[in-house]
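> Below are the sequence and a predicted model; questions follow.
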Amino acid sequence: MTENLQSEPIEIVGEVITPGECRRLELPIARLPTQTLVSLPITVINGLNSGPKLWLSAAIHGDELNGVEIIRQVVENIEPKLLRGTLIAVPIVNVFGLIGQSRYLPDRRDLNRSFPGSKNGSLASRLAYLFMKEIVSHSTYGIDLHTASMHRTNLPQIRANLQDSETRRCAKAFGAPLLVHAMTRDGSLRQAATKRGIPILLYEGGEALRFDAEAIQIGVEGIERVMEYLRMYQFSLVRMPVTSIEVNKSKWIRASCSGIFRLKVGLGEKVLKKQKLGIIADAFGESSIKVRASVNGIVIGYTQNPLVSQGDGIIHLAVLN
């Protein structure tokens, strides 16, 4: 049986991690103007027996923190000698953004639009290139963890190419409340990994610069379910089966005018076409516009900033047929 074959040493960042070993590595990225070296923290757990090689990544956007905690908890739950295969954990990909509590790199580039990167390009491009070279190239599966952008929040969900059979099986094993079929975006890590034939899941949950206990718990349990599906690890906690709702597309409801937005629905709530979702009014309440659903759907995200401008995306719906 495959699970009885001894694992082989794996070399990352010039360091060799032997079977049964857990190692913390630092991948040098660049120096600050002060000449302080900035490095990418990586934890590699190489199991005693051979198996899949799974990477976990978070904080590609530096203000998205739930994934940092999710990865910490997952790594803490693993005994290296009981692991089959290899786990490569990168809890903070955009170190610069995390330090500055910013979604972006110092040059204002979005790292998740810079893959697969290049050796001699911009800072974002170089970081993307290093991640592909040192992490993705050693992996056979990937899970990338995100939250909503600033002033928004998201229902815990998996976004993936559900038309790929193995990716779909991993997504269903994860067991998030919602599975959204989503094709890749140009320059994203998911696109770059998919082009290399690596099944990858993108997990969204919660908001920027905040810990969301529910989103973190769902993320930890989801990753552990995927590891169990891949037969990498058997966790002690017995979990109840989870049935996810699967949708093929989503739609933003946008503000038809500027004003103060008052939301009347919550995350995960099912809504009907033409249902009232909230109102946009002026500061004095003298005039207001009703915001209505344009489709039958599920609320999977919304703005948390009541000040909206015409055209702003204010409510995100997963479309139900």
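Nice, thanks for sending it over.

> Show the contacting residues for the nearest residue to S102 once chain neighbours are set aside.
Excluding the flanking residues, the one nearest S102 by C-beta to C-beta, 6 or more residues apart in numbering is G62, at 5.3 Å. (C-beta placed from N, C-alpha, C; glycine too.) By C-beta atoms under 8 Å, 6 or more residues apart in numbering, G62 lies in contact with 92, 94-105.

> isn't there a helix covering G62?
No - the assignment for G62, made by DSSP: H, G, I helix; E, B strand; the rest coil, is coil rather than a helix.

> separation between it and R109?
12 Å (C-beta to C-beta, to the nearest Å).

> Which pLDDT value goes with the residue nearest to S102?
Looking at G62, its pLDDT reads 97.

> got it, and L87?
The model's pLDDT for L87 equals 98.

> helix, strand or coil for it?
Classification of L87 by three-state DSSP places it in strand.

> Do I have it right that it meets S57?
No - contact criterion C-beta atoms under 8 Å: L87 and S57 do not qualify, at 11.8 Å.

> next one: stretch 49-59 to chain centre, how far?
14 Å (C-alpha atoms, centre = their mean, to the nearest Å).

> I meant stretch 99-112, not that one.
Relative to the chain's own centre, stretch 99-112 is displaced by 16 Å; criterion: C-alpha atoms, centre = their mean.

> And the residue nearest to S102, how far from A124?
According to C-beta to C-beta, G62 and A124 sit 12 Å apart.

> Give me the common contacts of those two.
In contact with both G62 and A124: L105, using C-beta under 8 Å, 6+ apart.

> which residues touch stretch 283-290?
Residues outside stretch 283-290 that contact it (C-beta under 8 Å, 6+ apart): 256-257, 259-260, 276, 278-282.

> Tell me the one of these nearest P156?
G278 (22.0 Å; C-beta to C-beta).

> Distance check, that closest one against Q310.
To Q310, G278 is 15 Å away according to C-beta to C-beta.

> Among these two, which residue is more densely surrounded?
More crowded of G278 and Q310, by other C-beta atoms under 10 Å: G278, with 21 against 11.

> so when I look at the more buried one, I'm seeing a helix, right?
No - G278: not assigned to a helix; according to three-state DSSP it is strand.

> where does the stretch 101-250 of the chain have low pLDDT?
Along the stretch 101-250 of the chain, segments meeting pLDDT under 70 span 238.

> Please enumerate the strands of it.
Secondary structure of the stretch 101-250 of the chain (DSSP state E, counting those that start in this stretch): strands at 141-146, 152-160, 178-181, 200-207, 245-247, 250-254.

> can you pull the buried residues of the shortest one?
Of the residues in strand 245-247, those scored as buried under the neighbour-count criterion (16 or more other C-beta atoms under 10 Å) are 245, 247.

> re earlier: out of the contacts of G62, which is most surrounded?
N94 (26 neighbours).

> What separation is there between the closest residue to it other than its chain neighbours and I71?
In this structure, N94 finds its nearest non-sequential neighbour in G62, 4.2 Å apart by C-beta to C-beta, 6+ apart. The gap separating G62 from I71 is 15 Å, by C-beta to C-beta.

> Over to P116?
Separation of P116 from I71 (C-beta to C-beta) stands at 22 Å.

> what about those two, which has more around it?
Set P116 next to I71 and count neighbours by other C-beta under 10 Å: I71 wins out with 25 against 18.

> list the contacts for that one?
I71 is in contact with 56, 58, 89-91, 145, counting by C-beta under 8 Å, 6+ apart.

> How far off centre is the longest helix seen in the chain?
Determined from DSSP state H, the single longest helix within the chain is helix 213-229. Counting by C-alpha atoms, centre = their mean, helix 213-229 is centred 12 Å from the centre of its parent chain.
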